[in-house]
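Participant: Predicted model follows, preceded by the sequence.
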Amino acid sequence: MSLSESSVNFGVVVSDVEAAPVVKLLGDIDHGTKDVVAAALRPVVRPKPPGVVVDCSHLRFIDGAGVGALLTGWLAADGGTRFEIRGGSDILKRMISILGIDELLRVTDTKDGISATLPVPELGALRALVAQLQHENTELRQQLREALEPDVSVE
C-alpha cells in the first residue's frame, strides 16, 4: 500500500515495509495538515492489524492539532492494535506529556522500542480528560489576561 499526500511543508507516506504498516510523517503537522494525517491513519488501523508504526523522525514541527490527529489515529485503532509512535522529538514527547496523554500515546526512540497494546479508555474517561484540558486552557487564558491588563486602582 502506498499513499503520498503533500503540500509545501508536509507529506505522508504509508507502506508495509515491516511486519506492521508504517505511516511516515514528513515536514510540518499543524491545523492545516491534521486532517490529512487523520485520513492517512484511518484506513491503516481500521482493518485491525497487530501493530501500526507512526514514524515521526522526519517531522520538523508538530503542534497540538497534530497531536490531536495522532490521538484520533490511536482511537481509530480501537484498542486491538499496538500503536507505536517512533522517533518523536523531545518537543512531541513533552506536548504529549503536558496534555496528560502519555499513557495513551507512547513515543519510542528507535525501531527496537516496544509499545504495549493500550486499551481505549471508556468514553466517559475520555470526555473527562477533554473537559479537564478545556478547563486548564480557560484558567491559563484568564491568568494571561490578568497579567497583560494594566493594574487600575480607583482612589
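Facilitator: That came through, no problem.

Participant: does P47 count as helix, strand or coil?
Facilitator: coil (DSSP: H, G, I helix; E, B strand; the rest coil).

Participant: My guess is R106 contacts G88. True?
Facilitator: No: taking Cβ atoms under 8 Å as the definition, R106 is not a contact partner of G88, at 9.5 Å. C-betas here are computed from N, CA, C, even on glycine.

Participant: out of the two, which sits in the more crowded spot?
Facilitator: G88 (25 against 21; other Cβ atoms under 10 Å).

Participant: Is the more buried one in a helix, a strand, or coil?
Facilitator: Put simply, G88 is coil when judged by three-state DSSP.

Participant: Give the pairing partners of the host helix or strand of R60; include direction for each.
Facilitator: Element membership for R60 (DSSP states H and E) is strand 51-62. Take DSSP bridges as the rule and strand 51-62 pairs in its sheet with strand 22-29 (parallel), strand 82-86 (parallel).

Participant: Identify whichever of these lies nearest to H58.
Facilitator: Across the strands paired with strand 51-62, the minimum distance to H58, taken as Cβ to Cβ, is reached by strand 22-29, at 4.7 Å.

Participant: CA-only coordinates of that closest one, as PDB, when you get a sec.
Facilitator: Taking C-alpha atoms only, strand 22-29 is exported to PDB below (Å, rounded to 0.1, in the frame of the first residue of the first chain):
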ATOM      1  CA  VAL A  22       4.300   2.200   8.700                       C
ATOM      2  CA  VAL A  23       3.000   5.800   8.400                       C
ATOM      3  CA  LYS A  24       5.900   8.100   7.800                       C
ATOM      4  CA  LEU A  25       5.100  11.800   8.600                       C
ATOM      5  CA  LEU A  26       7.200  14.400   6.900                       C
ATOM      6  CA  GLY A  27       7.600  18.200   7.400                       C
ATOM      7  CA  ASP A  28       5.200  20.200   9.500                       C
ATOM      8  CA  ILE A  29       1.900  19.000  11.100                       C
END
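
Participant: This completes my enquiry, with thanks.
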